[in-house]
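S.K.: Sequence plus the predicted model coming up.
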Amino acid sequence: LVSREFKATDTVVQVRGIPFGGRQIQVIAGPCSVETPEQMRAAAAGVKEAGCRLMRGGAFKPRTSPYTFQGVGDEGLDYFRDAADAYDLPIVTELMDVRKIDLFLEKGVDIIQIGTRNMQNFDLLKEVGRLDVPVILKRGMSATIKEWLMAAEYIAAHGNHRIIFAERGIRTFETAYRNVLDVTAIPVMKRETHLPIIVDPSHAGGKAWLVPHLARAAIAAGADGLLVETHPCPEEAWCDADQALSPAQLGTLMGDLRKVAEAIGREL
Ligand code: PEP
Ligand code: MN
């Protein structure tokens, strides 16, 4: 269902009137995690001011260690919803547990993110496949293109065809940076699937200074959008502080990306 063989023309996934997969490039920005109502308000202001049209933020965090901050939980969706609504930004947040689906629906989450660690959580994929909510499916950190496509197939096979792929860097022998952004995957995915693909340069690079480089490369390579981490005060972020852009850095990046987009006949 997700392959070009099934459908030759590009699919545009609409999220509250915002198209993913057409001429327009979408940048989703926001903090790694939802922290406080004040932090979310400030983050939303920065995201809007920079010209991004959607906001990200995790209330439930898949952390490597069970002893680190796990996300603020249920109430985080309220902080997120209130802050994003004040700036009319649709919200993107990660779902890790099927038991939270009703809560996500109740809060009107606009895009459900399936994180890298859950790309092959097939029961989770089947359940989001039954929903009428767009899904961002991140690539597993060691997943092949084929495995990624088949994971999306689980969602589509259960009825939900509003899928946006997200490349977020893969694991290799290299340890100098967080992950290796697989730029090659962008044109390959555009060839294999009719669905949109976006790139997360933040989790790929793991450092704020790397984010603009990877973001420009992603757009130049044909990505339909980006998922970028930003925080009103990066050094104080509760999670992934090293890779968060300040609101000013996000604004500068948007300006640079606009030029790249224009050069390839797209708009941002
Ligand atoms: C995230 O986007 O918040 C996240 C945890 O990313 P990933 O699943 O790519 O590690
Ligand atoms: Mn993060």
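M.R.: In hand now; what should we look at? Ligands and ions are numbered 1, 2, ... in the order given.
S.K.: Pick out the residue in the stretch 101-250 of the chain sitting closest to ligand 1.
M.R.: Closest residue of the stretch 101-250 of the chain to ligand 1, Cβ to the nearest ligand atom: residue 115 (3.0 Å). Yep, even glycine has a C-beta here, placed from its N, CA and C like the rest.
S.K.: Tell me the pLDDT of that residue.
M.R.: Looking at residue 115, its pLDDT reads 98.
S.K.: how about the closest residue to ligand 2 within the stretch 51-200 of the chain, what does it touch?
M.R.: Across the stretch 51-200 of the chain, the shortest distance to ligand 2 (Cβ to the ion) belongs to residue 58, at 7.1 Å. Each residue near residue 58 by Cβ atoms under 8 Å, 6 or more residues apart in numbering is listed here: 32, 33, 34, 71, 76, 93, 94, 113, 239.
S.K.: Residue of the stretch 1-150 of the chain closest to ligand 2, please.
M.R.: The minimum distance from the stretch 1-150 of the chain to ligand 2, using Cβ to the ion, falls at residue 32 (3.2 Å).
S.K.: Compute the number of surrounding residues for that residue.
M.R.: When neighbours are counted by other Cβ atoms under 10 Å, residue 32 registers 22.
S.K.: Ligand 2 contacts on the stretch 1-150 of the chain?
M.R.: Contacts of the stretch 1-150 of the chain with ligand 2, taken as Cβ under 5 Å from the ion, map to residue 32.
S.K.: any chance you could map the strands in the stretch 1-150 of the chain?
M.R.: Under the criterion DSSP state E, counting those that start in this stretch, the stretch 1-150 of the chain contains strands at 13-15, 18-20, 26-30, 54-56, 91-94, 111-114, 135-138.
S.K.: which strands and helices sit next to the longest helix seen in the chain?
M.R.: Longest helix of the chain, by residue count under DSSP state H: helix 247-263. Secondary-structure packing of helix 247-263 (3 or more Cβ pairs under 8 Å, 6 or more residues apart in numbering; DSSP states H and E): strand 26-30, helix 37-50, helix 211-220, strand 225-229.
S.K.: Let me see the contact set for residue 84.
M.R.: By Cβ under 8 Å, 6+ apart, residue 84 lies in contact with 40, 44, 55, 90, 91.
S.K.: rerun that using 6 Å as the cut-off
M.R.: 44, 55, 91 (Cβ atoms under 6 Å, 6 or more residues apart in numbering).
S.K.: Now pLDDT and neighbour count too, for these, in CSV please.
M.R.: Formatted as CSV, the contacts of residue 84 follow (pLDDT from 0 to 100; neighbours: other Cβ atoms under 10 Å):
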residue, pLDDT, neighbour count
44, 98, 27
55, 98, 26
91, 98, 25
